[in-house]
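Undergrad: model the following, please.
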Amino acid sequence: MSIKMEYHNPVLLHPSVDDLVTNADGIYVDCTFGGGGHSKEILSRLSAHGKLFSFDQDLDALNNAIDDERFTLINQNFRFLQNSLLFHGISQVDGILADLGVSSHQFDATERGFSIRGNAPLDMRMNIMQNTDAQQVINEYNEEDLADIFYHYGELREARKLAREIVHHRKNKRIATTEELKNVFSFVPAHKQNKFFAQVFQAIRIEVNQELEALKEMLTQSLEILKPNGRLVVISYHSLEDRLVKRFMKNGMFQGEPERDIYGNYHKSFDLLRTKALIPDETEIAQNSRARSAKMRTAIKR
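TA: Predicted coordinates for the structure are as follows:
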């Protein structure tokens, strides 16, 4: 099997697969194939009878497909997890792994518009076949919707001001590139720009790709797809993702409180493998800066 590891350096590679694979003959899912690093490691733990189904909506990832009869690469967003597996005759699996966020390749491919560095068309689509891109969000969303995106997805307190600035600037000229967008916010002090623009780009990217909605759909489907004692392993990179994962693994919901019986107990769908998120050690962070913000949570289906 041939893997282009430079495409994406997988985070928490061995700990995540250690948590995931408990049955060498089992069926597993890698929701975010990317460069295939996690998938390759999963396959190394499986017997000749094991199977791995990997998902990636990015056409570029298809170039990294693994030549292994136990492996199937599905060019779909993981929000279509259950239907895609059913198409392949699979109703239940032994484990699901999701390494969320943007791959190293997507950040490094300047023309995709994910990175705050350089100048590129405002795109940010993980699936280049979809219609909505970052330019459409910036130039066609109304001021209120833009403010909501920056506040909820970027956690930016000055969200309303940012939305006003965009609407003001686009009246004269369509904002078409990442550099033009950054120039809209020229009032941001130089020492704050990296963090600020990272939050702005994150907010737009999440909206373009509907990342949180896709995550919630995948997590919800995992309840039906996982076998009893099956493992759900999720690696997240910002608090918005991690809060959803943490809450879902704890009580099977994203908001509100579960119903309790007369004794004050509620039905739990998962048991947590560990009470706190696992984070990369200093060695991994030194080798891969993307690992700095990673948090891994693992749950076992009841």
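
Undergrad: contacts only, for the closest residue to Gly118 other than its chain neighbours.
TA: Residue nearest to Gly118 in three dimensions, not counting chain neighbours: Thr110, with 4.6 Å by CB to CB, 6 or more residues apart in numbering. (C-beta placed from N, C-alpha, C; glycine too.) Residues near Thr110 by CB atoms under 8 Å, 6 or more residues apart in numbering: Arg117, Gly118, Asn119, Ala120.

Undergrad: so among those, where is pLDDT lowest?
TA: Comparing pLDDT over those, Gly118 scores lowest. The value there is 84.

Undergrad: how many residues are close by that residue?
TA: For Gly118, the tally of surrounding residues (other CB atoms under 10 Å) stands at 11.

Undergrad: which pLDDT value goes with the residue nearest to Gly118?
TA: pLDDT, Thr110: 75.

Undergrad: contacts for stretch 41-53?
TA: With CB under 8 Å, 6+ apart as the criterion, stretch 41-53 contacts 1, 10, 13-14, 17, 20-21, 23-30, 39, 66, 68, 70-72, 74, 84-85, 88, 90, 93, 97.

Undergrad: ok, of those, which come out buried?
TA: With neighbours counted by 16 or more other CB atoms under 10 Å, the contacts of stretch 41-53 contain buried members at 10, 13, 17, 20-21, 23, 26-30, 39, 66, 70-72, 74, 84-85, 90, 93, 97.

Undergrad: which ones among the residues you listed are found in helices?
TA: By the criterion of DSSP state H, membership of the buried ones among the contacts of stretch 41-53 in helices covers Leu13, Val17, Leu20, Ser39, Ser84, Leu85.

Undergrad: state the distance from the second one to Arg45.
TA: Computed as CB to CB, to the nearest Å, the Val17 to Arg45 distance reads 6 Å.

Undergrad: Arg290 too?
TA: Distance from Arg290 to Arg45, counting by CB to CB: 24 Å.

Undergrad: quick revisit: are any of the contacts of Thr110 buried, and which?
TA: Ala120.

Undergrad: which parts of the stretch 51-200 of the chain are strands?
TA: Chain-ordered strands for the stretch 51-200 of the chain, with DSSP state E, counting those that start in this stretch as the definition, fall at 51-55, 71-74, 93-99.

Undergrad: mean confidence score for the longest one?
TA: It refers to strand 93-99. In this model, strand 93-99 carries a mean pLDDT of 98.

Undergrad: by contact count, what packs against it?
TA: In this structure, strand 93-99 makes packing contacts with helix 13-20, strand 27-30, helix 37-45, helix 211-225, strand 226-236, judged by 3 or more CB pairs under 8 Å, 6 or more residues apart in numbering; DSSP states H and E.

Undergrad: where does this protein have its least confident helix or strand?
TA: None of the helices or strands of the chain scores lower by mean pLDDT, DSSP states H and E than helix 104-108, at a mean of 73.

Undergrad: mind exporting the C-alpha coordinates of it to PDB?
TA: Presented in PDB, the C-alpha positions along helix 104-108 are these (Å, rounded to 0.1, in the frame of the first residue of the first chain):
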ATOM      1  CA  SER A 104      -2.500  19.800   6.200                       C
ATOM      2  CA  HIS A 105      -2.900  19.500   2.500                       C
ATOM      3  CA  GLN A 106      -5.900  21.700   2.400                       C
ATOM      4  CA  PHE A 107      -4.100  24.400   4.400                       C
ATOM      5  CA  ASP A 108      -0.900  24.100   2.200                       C
END
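
Undergrad: could you chop the protein up by domain?
TA: Here the domain parsing of the chain from the TED database is 13-104+211-301, 111-209.

Undergrad: sketch out the low-pLDDT regions of the stretch 1-150 of the chain for me.
TA: When the per-residue scores of the stretch 1-150 of the chain are filtered using pLDDT under 70, the ranges that remain are 1-8.

Undergrad: likewise the stretch 201-302 of the chain?
TA: Scanning the stretch 201-302 of the chain with the threshold set as pLDDT under 70 gives no residue ranges.

Undergrad: show me where it has its helices.
TA: For the stretch 201-302 of the chain, the helices identified by DSSP state H, counting those that start in this stretch occupy 211-225, 239-251, 282-287, in order along the chain.

Undergrad: any chance of those in JSON lines, plus mean neighbour count and distance to Glu158?
TA: Supplementary listing: those in JSON lines, determined by neighbours: other CB atoms under 10 Å; distance: least, CB to CB, whole Å:
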{"stretch": "helix 211-225", "mean neighbour count": "19", "distance to Glu158": "21"}
{"stretch": "helix 239-251", "mean neighbour count": "18", "distance to Glu158": "18"}
{"stretch": "helix 282-287", "mean neighbour count": "12", "distance to Glu158": "30"}
